[in-house]
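Student: sequence and computational prediction follow.
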Amino acid sequence: MTGADAPRLPRTDRQGLDARLVVDRGSFRLDMALSAAPGDVIALLGPNGAGKTTALRVLAGLVPLTEGHLRLDGAPLERVPPESRPVGVVFQDYLLFPHLSALDNVAFGPRCQGLGKAEARAVAAAWLERMGLAEHAGAKPRRLSGGQAQRVALARALATRPRLLLLDEPLAALDARTRLEVRARLRHHLAEFEAVAVLVTHDPLDAMVLADRLVVVEHGRVVQEGAPADIARRPRTDYIAQLVGLNLYRGEAGGHTVRLDAGPEITTTEELSGPAFVAFPPSAVTLHRDRPTGAGARNLWRCEVAGLETHGDRIRAGLTGELPLAADLTTMAAAELELRPGAPVWATVEATQTHAYPA
Ligand SMILES: Nc1ncnc2c1ncn2[C@@H]1O[C@H](COP(=O)(O)OP(=O)(O)OP(=O)(O)O)[C@@H](O)[C@H]1O
């Protein structure tokens, strides 16, 4: 069925993306609501197998919806075939046409939209210029660096003036140094893009730098969404807490303490009641060989070192015991404490270093 003979579904005036994506793939079910205004950049973030790529493929029209709806600028897209959707896609490995020059790769979309050859090439040349790639217009993809190929792929997607831009792990194919530069450029282009952009990534840094809003997906469901800073400050699942490098616990708050579902109490500065999360960074934890006696440390737990790894210029200790947690310390402190797997330690955290919020 083509877009033309699809049944006419009601249009709404709502601009941007308005979707509920339900897809069954064997035993896996994706069920997520996704909405965005023109100009929004949304990052879908989640562990392997969470359903991010499936969501992107549904938006692109490559996988059909089992249930739900998909509207873009008020128009229903469910029955519109991929090639007729006003959607641009940058695939993880870019999928440039190997036999076409950068210019003709970018001109391909405008040509398919009905522009004449010269006109389409002029549009493509303008996009390559904007991407800082004018001098590579005649190059075939194999002669482009990873960063250049990524920009050609982005130009190719943007040249069709899509109302929805989809980017699948846009920086995953790049080495660390190129990534830094390409990330900054991509941020600039996304900021200029006037329609909705949705990107899929595993990398919290890419998500935080590139997106205005994060949608965290686990097991086919949205577990948290919001501005990057809010999510980093108030994670609601273990996956997100690990991603942003926080210790996270759930319990029942009463005044300045949160009694954890499994384990001890944590003293906090916030005053709350009812179900609550408490989070604190590994750098807030101080370890001691002997039980500390000072009055300052309100939170004190008896733990055991489960593992040690280097983390930047510090050592991260994974602890089990009264409270499982991650603690960061300097190499010197780790040596002085004679930390090794199995070593007993006392862990303290000041109440002022914790952050409690309703669950
Ligand atoms: N063609 C398919 N047929 C059946 N099941 C599939 C198919 N493609 C993906 N799945 C299943 O759908 C689920 C979600 O996969 P998806 O690729 O969307 O996750 P993801 O979040 O993008 O993961 P990753 O980060 O590893 O790419 C997985 O359980 C996967 O096994």
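Tutor: Cool, got the structure.
Student: check the gap between the residue sitting nearest the centre point of the chain and the ligand for me.
Tutor: The structure's the chain has its C-alpha centroid closest to residue 45; by CA atoms, centre = their mean the separation is 3.1 Å. Distance, residue 45 to the ligand, by CB to the nearest ligand atom, to the nearest Å: 9 Å. The way it works is simple: take the backbone N, C-alpha and C, and place the C-beta from them, glycine included.
Student: quick one, what contacts that residue?
Tutor: 52, 201-202, 204, 207, 214-217, 243 (CB atoms under 8 Å, 6 or more residues apart in numbering).
Student: so residue 111 sits in a helix?
Tutor: Yes: according to DSSP: H, G, I helix; E, B strand; the rest coil, residue 111 belongs to a helix.
Student: nearest residue to it in space, please, no chain neighbours.
Tutor: residue 120 (4.4 Å; CB to CB, 6 or more residues apart in numbering).
Student: ok so that neighbour is a helix residue?
Tutor: Yes: under three-state DSSP, residue 120 falls within a helix.
Student: please report how far it lies from the ligand.
Tutor: 33 Å.
Student: could you do residue 129 as well?
Tutor: 34 Å.
Student: so which strand or helix has that residue?
Tutor: Using DSSP states H and E, residue 129 maps to helix 117-130.
Student: mind saving the C-alpha coords of that helix as CSV?
Tutor: This file holds the C-alpha atoms of helix 117-130, laid out as CSV (Å, rounded to 0.1, in the frame of the first residue of the first chain):
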residue,chain,number,x,y,z
LYS,A,117,19.9,17.1,-11.8
ALA,A,118,21.6,20.6,-11.7
GLU,A,119,19.2,21.9,-9.1
ALA,A,120,19.7,18.9,-6.8
ARG,A,121,23.5,19.2,-7.2
ALA,A,122,23.3,22.9,-6.3
VAL,A,123,21.3,22.0,-3.1
ALA,A,124,23.9,19.3,-2.3
ALA,A,125,26.8,21.6,-2.9
ALA,A,126,25.3,24.2,-0.5
TRP,A,127,24.9,21.5,2.2
LEU,A,128,28.5,20.3,1.7
GLU,A,129,29.6,23.9,2.0
ARG,A,130,27.7,24.3,5.2
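Student: so what touches that helix?
Tutor: 102-108, 110-111, 115, 134, 136-137, 152, 155, 158-159.
Student: residues in a beta bridge with the residue nearest to the centre of the chain, which ones?
Tutor: residue 201, residue 216 (DSSP bridges).
Student: tell me the predicted confidence for it.
Tutor: On pLDDT, residue 45 comes in at 94.
Student: and the residue in the chain sticking out farthest from the centre, what is it in contact with?
Tutor: Distance from the centre of the chain peaks at residue 293, with 43.1 Å (CA atoms, centre = their mean). Going by CB under 8 Å, 6+ apart, residue 293 touches no other residue.
Student: that one belongs to a helix?
Tutor: No: the assignment for residue 293, made by three-state DSSP, is coil rather than a helix.
Student: count the neighbours of whichever residue of the stretch 101-250 of the chain sits closest to the ligand for me.
Tutor: In the stretch 101-250 of the chain, the residue that lies nearest the ligand is residue 202 (5.7 Å; CB to the nearest ligand atom). Neighbours of residue 202 under the rule other CB atoms under 10 Å: 15.
Student: do the same with residue 60
Tutor: 19.
Student: wouldn't it be in contact with residue 168 here?
Tutor: No: applying CB atoms under 8 Å, one finds residue 60 not in contact with residue 168, separated by 9.2 Å.
Student: what sits in contact with each of these two?
Tutor: residue 89.
Student: which residues of the stretch 1-150 of the chain lie near the ligand?
Tutor: 25-26, 28, 46, 48-54 (CB under 6 Å from any ligand atom).
Student: and the furthest pair within the residues you listed?
Tutor: 26 and 46 (18.4 Å; CB to CB).
Student: all helices for the stretch 201-350 of the chain, in order.
Tutor: Listed in chain order, the helices of the stretch 201-350 of the chain (DSSP state H, counting those that start in this stretch) span 204-210, 228-233, 238-243, 331-336.
Student: which of the residues in whichever strand in the chain runs longest are buried?
Tutor: Identified as the longest strand of the chain according to DSSP state E is strand 265-280. Buried residues in strand 265-280, counting neighbours by 16 or more other CB atoms under 10 Å, are found at 265-268, 270, 272, 276-280.
Student: show me which of those neighbour the ligand.
Tutor: Within the buried residues of strand 265-280, nothing lies near the ligand by CB under 6 Å from any ligand atom.
Student: closest to residue 37 among those?
Tutor: residue 277 (28.9 Å).
Student: what's opposite the nearest residue to residue 35 once chain neighbours are set aside in the beta bridge?
Tutor: Of all residues not flanking residue 35 in the chain, residue 18 sits nearest, at 4.9 Å (CB to CB, 6+ apart). Using DSSP bridges, the beta-bridge partners of residue 18 come out as residue 35, residue 71.
Student: can you tell me which residues contact residue 18?
Tutor: Contacts for residue 18 (CB under 8 Å, 6+ apart) come out as 12, 35, 69, 71-72.
Student: I appreciate the help and will end here.
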